[in-house]
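Visitor: pasted the sequence and its predicted model underneath.
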Amino acid sequence: MSATAEILSELETLRLIDPHTHINPHSAASETLADILGYHYYTELAHSAGLPREQIEEPGLDPREKVARLVPWLKTIENTAQYSWLLEMCQVFFGFEDTRITESNWEALYDSSRQCMQGKDWESTVLDRSGLDQVYLTNDFDDPLTGFDTQLYIPCLRTDELVFHLQKSDVRERLAKATDVVIKDAGTLRQALAFLFEHFITSNAHACAISLPPEFAPEPISELRADAALSKVAADRPLDRSEQMDLSCFVFWSLAQQCADRNLPFDLMIGVNRNVYEAGVYQGQDLYDKRVSLIQYRRLFNAFPQVMFPTSVLSETSGQELVSYAWIFPNVLPTGHWWYSNIPVFIEKDCRSRLQAVPRTKLIGYYSDMYKLEFALPKFAMYRRILARVLASDFVADRSWTVEQAVALGHQVLRGNVETVFGR
Amino acid sequence: MSATAEILSELETLRLIDPHTHINPHSAASETLADILGYHYYTELAHSAGLPREQIEEPGLDPREKVARLVPWLKTIENTAQYSWLLEMCQVFFGFEDTRITESNWEALYDSSRQCMQGKDWESTVLDRSGLDQVYLTNDFDDPLTGFDTQLYIPCLRTDELVFHLQKSDVRERLAKATDVVIKDAGTLRQALAFLFEHFITSNAHACAISLPPEFAPEPISELRADAALSKVAADRPLDRSEQMDLSCFVFWSLAQQCADRNLPFDLMIGVNRNVYEAGVYQGQDLYDKRVSLIQYRRLFNAFPQVMFPTSVLSETSGQELVSYAWIFPNVLPTGHWWYSNIPVFIEKDCRSRLQAVPRTKLIGYYSDMYKLEFALPKFAMYRRILARVLASDFVADRSWTVEQAVALGHQVLRGNVETVFGR
Amino acid sequence: MSATAEILSELETLRLIDPHTHINPHSAASETLADILGYHYYTELAHSAGLPREQIEEPGLDPREKVARLVPWLKTIENTAQYSWLLEMCQVFFGFEDTRITESNWEALYDSSRQCMQGKDWESTVLDRSGLDQVYLTNDFDDPLTGFDTQLYIPCLRTDELVFHLQKSDVRERLAKATDVVIKDAGTLRQALAFLFEHFITSNAHACAISLPPEFAPEPISELRADAALSKVAADRPLDRSEQMDLSCFVFWSLAQQCADRNLPFDLMIGVNRNVYEAGVYQGQDLYDKRVSLIQYRRLFNAFPQVMFPTSVLSETSGQELVSYAWIFPNVLPTGHWWYSNIPVFIEKDCRSRLQAVPRTKLIGYYSDMYKLEFALPKFAMYRRILARVLASDFVADRSWTVEQAVALGHQVLRGNVETVFGR
């Protein structure tokens, strides 16, 4: 058996914690194949290949019909990594035995998968088969966080809306409702945030998280400027660009302060531009501008040495910066392979550079970013194969490590660091 | 036989369409070795290694003497991919049997190649030996497009001059002469462009094309602003920077509209700065600024969903953006490996990422960009070897595809998509 | 024996010139293990993993105690390339036989290494065992350059302070003292620089060198503007941002002119931001902004065709630009793998792209950047292994080169070009 195979085989026995997902804990697993094929990775690729959005997003569309419309386009995307996940899910979870999902075999697959998914233990079957011990969520700030097991589904406070959309009255109304605080100035804002953090931490939250546009460059804002922006917002008066930036920076900085005060990691997902492709399918409209640098976060990383920042970058051109910043900043932690960077060629390069230059205690290898539970299995499997290969080549072959040493490093990156960084 | 070798052997049987070249259809093949060694890839490398430009570009220089001057410098560039093309051309076309072209063997090569090139069927010999069914051209807007077989040499409307140099009186004079329209305002400009498109399409043109500087960010310009800029130009008054940008944007947008109206793909070649090295050899003066993003084309891609944009990028740092934009935008098509990115290490990375994340129907694998027919053979051969290796590793080995499946994907990328995208 | 092994074995016989280091020629080798573990690559990684700076930099700290504090953190960084250098040094120089340096074996290592280092020929032992014929230095402009063998330790004029800190009175005082010229205007500045160059060249200097921040974009400055900035500086009046830029550009341009006049290569190390992580350990505070382009040096490269610019870039995203600029500019020479790019994954990519597209006469393969002599051995060894592998795969396997041809190319890149480019 090759070193790669030996390492992989060991890594496959490891149970996992998935530190970033979009799972809805009230409906974690899929109910039909449409929940899987409806994932934006498939709808956007099928649309990119030619399927009109209107056909995918027709109101009231029956799940079976949705799948029927998507299947003919699968042949155009069968080369993609995303398709390979689909195939692996169907093979592992639903006993699918063909090598392609086609117009002539999808109906049997639809039916057999439906039967699996209707089994009363489907959710725990998937968790078990996937080796998942815990699944981190992405919760709106006003999520009640009730009605699910917060030891299994770990809450995480998502803060994009607070930082970038507080000027919208519905966001402020939801915030007031959730916290019983009406935002008028810096003080009331901090009060509301304190309430949210208390609520989340009480409910076993393990992280605060945000996705950030490429042009964002956080800096501390004076109370005076924050008050000015917030009083305008409270009066429903529009902010100019500079006031909007003040407000975003102030909220962001206050969130970091909360993380510092409460010893909560702050996940940064850097570099996404929203709604670039306006006519794209649901969740298939965002892209990026690679002209972003971690130097934009210099003041933040210096100001909050006590906050851990598990950091993901969207552009592969940011990969080396992430390694370099983590190389000297104790609080910068390279994390996962996000979205457009979550394909083998970029994972491999990032995996190698991180393992070659960042302390092993600081690497959070992977998260699935999934919307439905079934996706953790093929996504982690993809990552694990690459990790095994990198460990075999860069450590066992090039540096004479034993397979045991390589496996231990793999364990730490896959699971151990998730526990130490996010464990409270 | 390894999977790579099996796949390569199959791909080598495929006949090709070369979707982007600078071939002069009236003199497509080389006449002496100087036509080959005079390619800027060799003159600029020899110059970079130390050969003064004046020796290369001496007026009235005899072809044999030109080769005599370049040959001694070949030993300084024999490591380059470009040199490997030269060697392969000489071996395949002229029966050259040595492994180096040196001061002691070049004269025999010169003579034997001269004899080949003087054969009356040389052009068709090259086409046939290279497996070329069609060769796309790059034509000036006022090219009469007569005197050659437009079923073999497919016209393509090159539009750089219209977009970036319309303020020059000689360009406008040529345009007036070609179209019988004198440009005075937005209306007459559109009239002239319509004439050009009609002329090109009637002559079997399959594409409109342009190369674009890194700072270009096209946006729609109002009729009013276009009229203002055009009336100044018509009066031979200089434009300020902002008016110049208005004019370029307006012409560019009008070209995209023509492509939409006439169902013509619009080739975008993004990222070149002209004349960076002012004292460089002919065609060896251009470089780039990697600080460019496809976000600059956001409005264009949204505004013209019906136009296919086969897109090339000059900087390898733009490779992932191209993949990501093509992943969700139906009209963005990753195309070839352009110029400074046309060496194995960058081709491999781009080839892998495109195959892993873009619908297979949207990938235009390669074009030669050649000036003389002989270059298609070694350039496509280089690409094909990399493609075969990527198919063998990422698909046959990692994803258990059969060789047949891998070959079919290779065929589609090498030829099939050229036909569907550019076929009218 | 594989081609890689054959090539490597040949390359290992080659004696070296290290064209860029920070060696102090009066204390070139280490005296205790603390000199090795005190290298910022280890202190910054240990700090990044959690060791407080105060513990590392406690004033008056005993070397043995310093090592005792660092050793427990080595297990957190044993995955890094930097750690592999440490291990190789200990194994080769001090007979260390374990595969890890731990809390239970470090004291024996400390003692045995101390014994080696106290041997009276330790410096020459290291030079000899490392195969080093010459070691280039990085000298302050006011270094007397006396008291050491300038045929072995080659002086190099480091000019960062002159270009970026001339507004500081202590820099000007040191300059006045070194040159007997008081700077008041462009003329006196040029006089002082001429004096420095004369001094350095007389002392066998082979290069002028500078590290440059990402935003720097040198351009010629008029005598008038230079005089204005310099007269303010002479009067100890603060410069505004634009005057500061004028001053930096003027000094930089004058240095390039001196290099032109005296036929000295000018090493450019492009892209570092100083003091980004303010609370970092000594020399572990600098990072970068990847948004930099070589287009910023366009005017420089055009203005000084007679000056060779061995160029290093800090960000791997600049690697292709460096290749492309070297491809057409005769005076741009890709050099080494600097700092955050000096790990295998980035070295491999840069090594491949340079060998595939730049004349072989222009490539300066590697320098160690070391502060203590012992580091040349593992760093060059790392590079040599990668180089051997690239030569075997891209040249022997892919292009049918003989091993001898590949070795010759390796020799040229590792040593030959250092002699031709820096040999005076």
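Guide: All right, it came through fine. Numbering: from 1, shown residues only, chains lettered A, B, ... in the order given.

Visitor: where exactly do the strands run in the stretch 201-350 of chain A?
Guide: With strands called from DSSP state E, counting those that start in this stretch, the stretch 201-350 of chain A shows them at A:207-212, A:266-270, A:309-313, A:332-334.

Visitor: so what does the shortest one touch, helix or strand wise?
Guide: The contact analysis (3 or more CB pairs under 8 Å, 6 or more residues apart in numbering or on different chains; DSSP states H and E) places strand A:332-334 against strand A:309-313, helix A:319-328. In short, each C-beta sits where N, CA and C put it, glycine included.

Visitor: can you redo these as CSV with mean pLDDT?
Guide: Below are the helices and strands packed on strand A:332-334 laid out as CSV (pLDDT from 0 to 100):
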stretch, mean pLDDT
strand A:309-313, 98
helix A:319-328, 98
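
Visitor: chain C is nearest to which of the ones you listed?
Guide: helix A:319-328 (4.3 Å; CB to the nearest CB).

Visitor: quick one: contacts of the closest one?
Guide: With CB atoms under 8 Å, 6 or more residues apart in numbering or on different chains as the test, helix A:319-328 has contacts from A:293-294, A:297, A:301, A:311, A:313, A:332-334, A:341, A:346, A:349-350, A:353-354, A:357-358, A:362, C:44-45, C:47-48, C:277, C:280, C:284-285, C:287-288, C:290, C:315-317, C:340-341, C:346.

Visitor: ok so, going back, do you know which of the helices and strands packed on strand A:332-334 lies nearest residue B:165?
Guide: Nearest of the helices and strands packed on strand A:332-334 to residue B:165, taken as CB to CB: helix A:319-328 at 38.1 Å.

Visitor: got the residues of the stretch 151-300 of chain A near chain C?
Guide: By CB under 8 Å from any CB of the partner chain, the residues of the stretch 151-300 of chain A that approach chain C are A:291, A:293-295, A:298.

Visitor: of the residues you listed - the most surrounded one?
Guide: Sorting these by how many neighbours each has (other CB atoms under 10 Å in any protein chain shown) puts residue A:294 first, at 26 neighbours.

Visitor: measure that residue to residue A:273 for me?
Guide: When distance is defined by CB to CB, to the nearest Å, residue A:294 is 17 Å away from residue A:273.

Visitor: how is the most centrally placed residue in chain A assigned, secondary-structure-wise?
Guide: The centroid of chain A falls nearest to residue A:369 when counting by CA atoms, centre = their mean (3.7 Å). At residue A:369 the chain is in coil, as set by DSSP: H, G, I helix; E, B strand; the rest coil.

Visitor: now whatever residue of the stretch 101-250 of chain A ends up closest to chain C, nearest residue through space, not along the chain?
Guide: Proximity of the stretch 101-250 of chain A to chain C (CB to the nearest CB) peaks at residue A:214, 10.7 Å away. Of all residues not flanking residue A:214 in the chain, residue A:292 sits nearest, at 3.8 Å (CB to CB, 6 or more residues apart in numbering or on different chains).

Visitor: quick one, helices of the stretch 51-200 of chain A?
Guide: Ranges of helices in the stretch 51-200 of chain A, per DSSP state H, counting those that start in this stretch, are A:53-56, A:63-70, A:81-94, A:106-118, A:122-130, A:160-164, A:169-179, A:186-202.

Visitor: these: which one's closest to residue C:378?
Guide: Nearest of the helices of the stretch 51-200 of chain A (CB to CB): helix A:81-94, 36.8 Å.

Visitor: please see if the closest one touches chain B.
Guide: Yes - interface with chain B: helix A:81-94 contributes A:81-82, A:84 (CB under 8 Å from any CB).

Visitor: which residues are contacting that helix?
Guide: The contact list for helix A:81-94 (CB under 8 Å, 6+ apart) reads A:36-37, A:41-42, A:45, A:74, A:77, A:96-97, A:99-101, A:109, A:112-113, A:116, A:126, A:129, A:342-344, A:374-375, A:377-379, A:381-382, B:356-357, B:399.

Visitor: and that helix, how far from the chain's centre?
Guide: Mean-position distance between helix A:81-94 and its chain equals 20 Å (CA atoms, centre = their mean, to the nearest Å).

Visitor: check stretch A:22-42 too.
Guide: 15 Å.

Visitor: for stretch A:287-307, same thing?
Guide: Counting by CA atoms, centre = their mean, stretch A:287-307 comes out at 18 Å from the chain centroid.

Visitor: what is the end-to-end distance of it?
Guide: From its first residue to its last, stretch A:287-307 covers 28 Å (CA to CA, to the nearest Å).

Visitor: ok, now stretch A:413-421?
Guide: Using CA to CA, the two ends of stretch A:413-421 sit 11 Å apart.

Visitor: phi first, then psi, for the one residue in the stretch 151-300 of chain A that gets nearest to chain B.
Guide: Nearest to chain B in the stretch 151-300 of chain A, going by CB to the nearest CB, is residue A:289, at a distance of 4.2 Å. Dihedral pair for residue A:289: phi -120, psi 120, per degrees, to the nearest 10.

Visitor: is any part of the helix or strand harbouring residue A:5 close to chain C?
Guide: Using DSSP states H and E, residue A:5 maps to helix A:3-11. No - applying CB under 8 Å from any CB, one finds helix A:3-11 separated from chain C by no less than 14.2 Å.

Visitor: ok, back up a step: so of the residues of the stretch 151-300 of chain A next to chain C, which ones are in helices?
Guide: Within these, residues falling in helices by DSSP state H are residue A:298.

Visitor: one step back: now mean neighbour count and mean pLDDT too, for the helices of the stretch 51-200 of chain A, in TSV please.
Guide: Converted to TSV, the helices of the stretch 51-200 of chain A look like this (neighbours: other CB atoms under 10 Å in any protein chain shown; pLDDT from 0 to 100):
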stretch	mean neighbour count	mean pLDDT
helix A:53-56	16	97
helix A:63-70	18	98
helix A:81-94	21	98
helix A:106-118	17	98
helix A:122-130	18	98
helix A:160-164	20	98
helix A:169-179	15	97
helix A:186-202	18	98
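
Visitor: format the ones you listed as CSV; extra columns: distance to residue A:11.
Guide: Converted to CSV, those look like this (distance: least, CB to CB, whole Å):
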stretch, distance to residue A:11
helix A:53-56, 36
helix A:63-70, 33
helix A:81-94, 16
helix A:106-118, 26
helix A:122-130, 14
helix A:160-164, 33
helix A:169-179, 41
helix A:186-202, 32
